[in-house]
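> structure, please.
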Amino acid sequence: MQRNQTVHEQMKWSVVLTALLAGLLLSGCDRQQQSPPPPPVPEVATVTVQVQQIVLTTELPGRTSAYRIAEIRPQVNGLIQKRLFTEGSDVKAGQVLYQIDPAPFQAAYENAKAALGRAEANVPPIRLRVERYRELIPDKAVSQQEYDDAAAALKQAEAETEVWKAMVETARINLGYTRVTAPISGRIGKSSVTDGALVTAHQPLALATIQQLDPIYVDVPQSTTELLRLRRRLEDGQLNPNGTNQKKANLLLEGGRAYPLEGMLQFRDITVDPTTGSVILRLVFPNPKGLLLPGMFVRAVVIDGLSEQAILIPQQAVSRDSKGNPIALILDPGGKVQQRLLRLDRAIGDQWLVTSGLAAGDHVIVEGLQKVRAGASAKEVSFDAGKNSSAGAENTARPDVTPK
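From the prediction side, this is the model:
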């Protein structure tokens, strides 16, 4: 009986194990029959390309220089009696700067005047003699030779008078040169001589230098490559020179602070510097407060022209392919991602100026580029421009960063 009980228990456990194995097999089949859920469509943020008008500018480094420079040199020899200006002050044209000892020049002037008076006194008696001889010649009272000698003496006396007039004028000019005056208005620098110094006419060392600082020049070099590229854009109609005043310019001081007054482009030089391959642009800026000093390094912002069909996209929307070419991904109306090869002009703020590769109405992917690739599907959401508040805030264009 005990044996039958053992066999019965073994059969019961066999039935339980069989049921368990059957359950496991059925659950495995159910899992094999269930397919995995499809991956979600990635979301990408896009911006819609719009055509707009912008003023294109170029920022170039430059250096200030004085509007006019006058080096003060003596025009006569003499001893400096007194310096009549304060070093570093503003002087006016015609203001006396130095006084050279006038005594020898005053004496020369008086001597020349006396000699002129003596020469003029000799002329009237000789003229009267010539007139009397002219009346006596018909009566044969004087010879023709005597008349000719008297006429020649008169011409000689008149010529001597003219010589002494010139000598008087020369002495008067030299006497005036003893007062060394400022030829221009401006700021005068330090004096190279002191009271009591002996100076010579037209000496190499200038007594002082005057610089006119209002207005002031700003000379900036522009590469011939950029100059030719600008002319090509104007010829192709990409830029409108009549849409804005191209002669206007602005200035950025050291530290990036903007100069408050606007300047004008005076001219572009026609000679290329062979060492730098650039030409000089000369700008003129008002400088009433003397903020700009000669020799300062500044950055000039000059106007290239008006682009009436400009396309700007955020810089984060542009990436590079394996060859380094700029590309962008767009989302077509069917929700498919497409790749576009771009041609960039320059950076404006935190945006790129695109010259080819995009058209108005294209939806350019700005965020989520790492989630998609060309040919894939994506879900479009609007781009939050508030994260980039500086986008498009300024239209100051830098030189071409990516000439692609």
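> can you list the low-confidence ranges for this structure?
1-38, 233-246, 385-404 (pLDDT under 70).
> spatially central residue in it, please.
Nearest to the mean C-alpha position of the chain, by Cα atoms, centre = their mean, lies Ala300 at 3.5 Å.
> after the strand or helix carrying that one, next one along is what?
Following DSSP states H and E, the helix or strand that holds Ala300 is strand 297-314. Once the chain leaves strand 297-314, the next helix or strand it forms, by DSSP H and E, is strand 319-320.
> what packs against that following strand?
Packing contacts for strand 319-320, counted by 3 or more Cβ pairs under 8 Å, 6 or more residues apart in numbering; DSSP states H and E, involve strand 326-331. Heads up, the C-betas are built off the backbone N, CA and C, glycines and all.
> try it again at 6 Å.
Identification of packing neighbours for strand 319-320 by 3 or more Cβ pairs under 6 Å, 6 or more residues apart in numbering; DSSP states H and E yields no helix or strand.
> so what touches that strand?
Ile327 (Cβ atoms under 6 Å, 6 or more residues apart in numbering).
> buried stuff in stretch 109-126?
Burial within stretch 109-126, assessed by neighbour count using 16 or more other Cβ atoms under 10 Å, is assigned to Tyr109, Ala112, Lys113, Ala115, Leu116, Ala119, Asn122, Val123, Ile126.
> point out the ones among these that are inside helices.
Among the buried residues of stretch 109-126, the residues falling in helices (DSSP state H) are Tyr109, Ala112, Lys113, Ala115, Leu116, Ala119, Asn122, Val123, Ile126.
> residue contacts, the third one?
I take that to be Lys113. Lys113 makes contact with Val168, according to Cβ under 6 Å, 6+ apart.
> and the spatially closest residue to Arg299 that is not a sequence neighbour, how close does it get to Arg127?
Closest residue to Arg299 apart from its sequence neighbours, by Cβ to Cβ, 6 or more residues apart in numbering: Leu252 at 4.2 Å. Per Cβ to Cβ, to the nearest Å, Leu252 is found 77 Å from Arg127.
> can you name the element that comes right after the strand ranked longest in the chain?
The strand that spans the most residues within the chain, counting by DSSP state E, is strand 51-72. For strand 51-72, the succeeding helix or strand toward the C-terminus, using DSSP H and E, is strand 78-83.
> mind listing what's buried along that following strand?
Gly78, Ile80, Arg83.
> put together TSV for the residues you listed, with distance to Ala70 on each row.
Below are these laid out as TSV (distance: Cβ to Cβ, whole Å):
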residue	distance to Ala70
Gly78	20
Ile80	18
Arg83	17
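> wouldn't Leu56 be in contact with Asp304 here?
Yes. Counting by Cβ atoms under 6 Å, Leu56 touches Asp304, with 4.3 Å between them.
> what segments of the chain are helices?
Applying DSSP H to the chain gives helices spanning 2-33, 103-136, 144-177, 224-236.
> burial check on Asn250, number of neighbours?
20 (other Cβ atoms under 10 Å).
> report the beta-bridge partner residues of it.
Val301 (DSSP bridges).
> quick one: it from Val91, how far?
Separation of Asn250 from Val91 (Cβ to Cβ) stands at 31 Å.
> over to Ala310?
Ala310 is 50 Å from Val91, by Cβ to Cβ.
> also Leu154?
51 Å.
> dump the residue contacts of the closest residue to Leu331 other than its chain neighbours.
Spatial nearest neighbour of Leu331, chain neighbours left out: His363 (4.6 Å); criterion: Cβ to Cβ, 6+ apart. Neighbour list for His363: Thr46, Thr48, Ile330, Leu331 [criterion: Cβ under 6 Å, 6+ apart].
> surely the first one touches Asp362?
No. Counting by Cβ under 6 Å, Asp362 is not a contact partner of Thr46; they are 9.0 Å apart.
> list the contacts of the strand holding Ala300.
For strand 297-314, contacts defined as Cβ under 6 Å, 6+ apart pick out 49, 51-63, 218, 220, 230, 239-241, 243-244, 246, 248-253, 283, 351-354, 358, 364, 366, 396.
> using CSV, write out the CA atom coordinates for it.
Extracted C-alpha coordinates of strand 297-314, given in CSV (Å, rounded to 0.1, in the frame of the first residue of the first chain):
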residue,chain,number,x,y,z
PHE,A,297,44.2,102.2,-32.9
VAL,A,298,40.5,102.1,-33.8
ARG,A,299,38.0,100.0,-35.8
ALA,A,300,36.1,101.7,-38.6
VAL,A,301,32.7,100.4,-39.7
VAL,A,302,32.3,101.4,-43.4
ILE,A,303,29.1,100.8,-45.5
ASP,A,304,29.3,98.3,-48.4
GLY,A,305,25.8,98.8,-49.7
LEU,A,306,22.2,97.7,-49.3
SER,A,307,21.2,94.1,-49.8
GLU,A,308,17.5,94.0,-50.7
GLN,A,309,17.2,90.2,-50.9
ALA,A,310,19.2,89.1,-47.9
ILE,A,311,18.7,85.8,-46.2
LEU,A,312,19.8,85.4,-42.5
ILE,A,313,19.7,82.2,-40.6
PRO,A,314,21.0,81.4,-37.1
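> sounds good, over and out.
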